[in-house]
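[1] my questions are about this predicted structure, shown below with the sequence.
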Amino acid sequence: MHYLHVFALSLSASLFAEASLPLVINTWPFQDATAAAWSALQRGESVLDAVETGCATCEREQCDGSVGYGGSPDETGETTLDAMIMNGDSMEVGAVADLRRVKNAISVARAVMEHTTHTLLVGEMGKNVSPDPRTSCGPYKPSVEVKRMDEQNHTRLDVHSHDTIGMVVIGRNRSVAAGTSTNGARHKVPGRVGDSPIAGAGSYADSTVGGAAATGDGDVMMRFLPSFLAVELMRRGIDPASACKAALTRIKTYYPGFFGAVICANIQGEYGAACNRVPGFSQFSYMVSTPLTNNPLLKKVDCF
Ligand code: SD4
């Protein structure tokens, strides 16, 4: 009797999984990216291909005017890109940071993963500038003074300057891939790298569990590896929405006013998201595509 019960439970669990996989989930209402990743899966391409195609769509279309080329300039006026991609089967990661004069950062990240033995490659480093761009217009000159950002006021990244696509794709065979692409924080010190290209911070994938991706104030969020934490919580059986929330709760303990959100999905095809409530940010939008949604579906979660 007991075995029959267990069999029935696992049968219904696997039926549920079949009904809800494959799955594409990504941050913000970046619908074309979701659709592109979904189409890649429909063409029989891998979950890595789907993540690359989805994020590359955002880079090309400058999703929200803020992913990819031309957005969120640093203090000298230059756009720099951060991106990563992770293979949840092999735990390989490729990432680029501070990338200049290249449009498709996610593809460079994938090339790092597949054609080098390294994980993270970065562009040329910059310098601080004077006069202070927070109070004066240019022209700017490199400055030797080291500026410290005000840790209490994370004004560089707020709800109006969100600019990261984070995506998790889970195949019918439960392979997981995750990726991110961003042009980072506006008016950053040249050389600043955010959370997006950092495995476990920007995103994380493990085909035995699921995947997660983060968006928000990377300077704070990367200190807590929220994507890694969310995956580890799902490994212990916590549902995706609660795992996302717990990962943000850890950050909130230290930085109650931080701006950020996380998306999570497990290999059963369950998914969820969470965001930290701050003035002007009470709801977070994300996209999902599964066989049940037919088309990319806009989902919203109330921040806590
Ligand atoms: C960063 N996390 O560079 C990125 C930016 C972002 O919503 O996601 N904004 O800090």
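    Noted; the coordinates are in hand.
[2] can you pull up the bridge partners for the spatially most central residue of the chain?
    For the chain, the residue nearest the mean C-alpha position is residue 166 (2.7 Å; Cα atoms, centre = their mean). Beta-bridge pairing of residue 166 under DSSP bridges involves residue 180.
[3] in the stretch 201-304 of the chain, what residue is nearest the ligand?
    The ligand sits closest to residue 218 of the stretch 201-304 of the chain, with a gap of 2.3 Å, by Cβ to the nearest ligand atom. In this view, the C-beta of every residue, glycine as well, is placed from N, C-alpha and C.
[4] that residue against residue 180, yeah?
    No. In this structure, residue 218 is not within contact of residue 180 by Cβ atoms under 8 Å, at 9.8 Å.
[5] neighbour count: those two, which is higher?
    residue 180 (36 against 27; other Cβ atoms under 10 Å).
[6] pLDDT score for the more buried one?
    Residue 180 carries a pLDDT score of 98 in this model.
[7] show me which residues of the stretch 101-250 of the chain are close to the ligand?
    157, 162-164, 182, 184-185, 194-196, 215-218 (Cβ under 6 Å from any ligand atom).
[8] a helix runs through residue 60, doesn't it?
    Yes. Under DSSP: H, G, I helix; E, B strand; the rest coil, residue 60 sits within a helix.
[9] helices of the chain, start to end?
    Using DSSP state H, the helices of the chain run over 2-20, 31-42, 47-61, 63-66, 105-115, 218-221, 226-235, 240-254.
[10] need the contact list for the residue nearest to residue 226 when sequence neighbours are not counted.
    Nearest non-adjacent residue to residue 226, counting by Cβ to Cβ, 6 or more residues apart in numbering: residue 247, 3.9 Å away. Neighbour list for residue 247: 212, 214, 224, 226-227, 229-230, 233, 262, 264, 274 [criterion: Cβ atoms under 8 Å, 6 or more residues apart in numbering].
[11] quick one: low-confidence ranges for the stretch 1-150 of the chain?
    Applying pLDDT under 70 to the stretch 1-150 of the chain flags residues 1-19, 65, 124-129, 132-134, 138-150.
[12] residue in it nearest to the ligand?
    Closest point on the stretch 1-150 of the chain to the ligand, by Cβ to the nearest ligand atom, is residue 82, at 6.0 Å.
[13] on that earlier part again, looking at the helices of the chain, which is closest to residue 289?
    Closest approach to residue 289 among the helices of the chain (Cβ to Cβ): helix 31-42, 4.3 Å.
[14] give the buried residues for stretch 224-234.
    224-234 (16 or more other Cβ atoms under 10 Å).
[15] what's the model's confidence in it, averaged?
    Averaging pLDDT along stretch 224-234 yields 98.
[16] on that earlier part again, so who does the residue of the stretch 1-150 of the chain closest to the ligand touch?
    Counted by Cβ under 8 Å, 6+ apart, residue 82 has contacts 95-99, 105, 180-184, 193-194, 196-197, 202.
[17] follow-up on the earlier one: how far away is the residue nearest to residue 226 from residue 237?
    Noted for residue 247: a distance of 15 Å to residue 237, by Cβ to Cβ, to the nearest Å.
[18] what do you get for residue 32?
    According to Cβ to Cβ, residue 32 stands 34 Å off from residue 237.
[19] ok, those two, which is more surrounded?
    residue 32 (15 against 8).
[20] once you drop chain neighbours, what's closest to that one?
    residue 57 is the one closest to residue 32 (Cβ to Cβ, 6+ apart), at 5.3 Å.
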